[in-house]
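Undergrad: Got a predicted model here, sequence first, then my questions.
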Amino acid sequence: YTHTGDTLRVQVDGIVKGDSTFTINGPPGSSNIRHLKFDDHVSWVDDGQAVQVRKICQNPPKNGATELFVTRMLSNDGQNLMIFSKARFDDGSESLECVQTFQRIN
């Protein structure tokens, strides 16, 4: 993750790969996760303590999620990155929230 001013770049290299650059509170960007296409809306949440990417699926699978919410928060000491993820479905129901914590290794 790289954050400078209102620009946020998210690079992922694992099971899911991606490289997206967003303007916080700017126009939506586009991204893909496997065969799914998303419009990404990025905003500050928690009084500016976290950044949330609201991913609106443009081609959701039958009975699949129509929106994904990914909130990223850096600890005050800068040593831990916490990521909170959940999905919303067409009927308005939501998945459980997944919480991941990444610790900086010096």
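TA: Cool, got the structure. Given the structure is predicted, the values throughout are model-derived calculations rather than measurements.
Undergrad: From here on, just use CA atoms for contacts and neighbour counts.
TA: OK.
Undergrad: show me what contacts Val12?
TA: With contact set as CA atoms under 8 Å, 6 or more residues apart in numbering, Val12 has these partners: 18-19.
Undergrad: what about it, is that helix, strand or coil?
TA: strand (DSSP: H, G, I helix; E, B strand; the rest coil).
Undergrad: Report the separation between the spatially closest residue to Asp90 that is not a sequence neighbour and Ile56.
TA: Nearest in space to Asp90, with sequence neighbours left out and distances taken as CA to CA, 6 or more residues apart in numbering, is Thr66 at 6.0 Å. As judged by CA to CA, to the nearest Å, Thr66 and Ile56 stand 6 Å apart.
Undergrad: and if you look at Asn106?
TA: Counting by CA to CA, the gap from Asn106 to Ile56 is 36 Å.
Undergrad: Ok, Val10 next?
TA: As judged by CA to CA, Val10 and Ile56 stand 17 Å apart.
Undergrad: can you check Ile33 too?
TA: 12 Å.
Undergrad: need the contact list for the residue nearest to Asp90.
TA: With CA under 8 Å, 6+ apart, Thr66 has these contacts: 56-58, 60, 87-90.
Undergrad: show me where pLDDT drops low in this structure?
TA: 16 (pLDDT under 70).
Undergrad: Point me to the helix or strand that includes the residue nearest to the spatial centre of it.
TA: The chain has Val70 as the residue nearest its centroid, 3.3 Å off, counting by CA atoms, centre = their mean. Assigned by DSSP states H and E, Val70 belongs to strand 65-74.
Undergrad: May I have that strand exported as PDB, CA atoms only?
TA: The C-alpha atoms that make up strand 65-74 are tabulated as PDB, following Å, rounded to 0.1, in the frame of the first residue of the first chain:
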ATOM      1  CA  ALA A  65     -22.200 -10.400  -3.700                       C
ATOM      2  CA  THR A  66     -23.100  -7.200  -5.400                       C
ATOM      3  CA  GLU A  67     -20.900  -5.000  -3.200                       C
ATOM      4  CA  LEU A  68     -17.600  -5.500  -1.300                       C
ATOM      5  CA  PHE A  69     -16.400  -3.200   1.400                       C
ATOM      6  CA  VAL A  70     -12.700  -3.100   2.300                       C
ATOM      7  CA  THR A  71     -11.600  -0.800   5.100                       C
ATOM      8  CA  ARG A  72      -7.800  -0.300   5.700                       C
ATOM      9  CA  MET A  73      -6.500   1.200   8.900                       C
ATOM     10  CA  LEU A  74      -2.900   1.800  10.000                       C
END
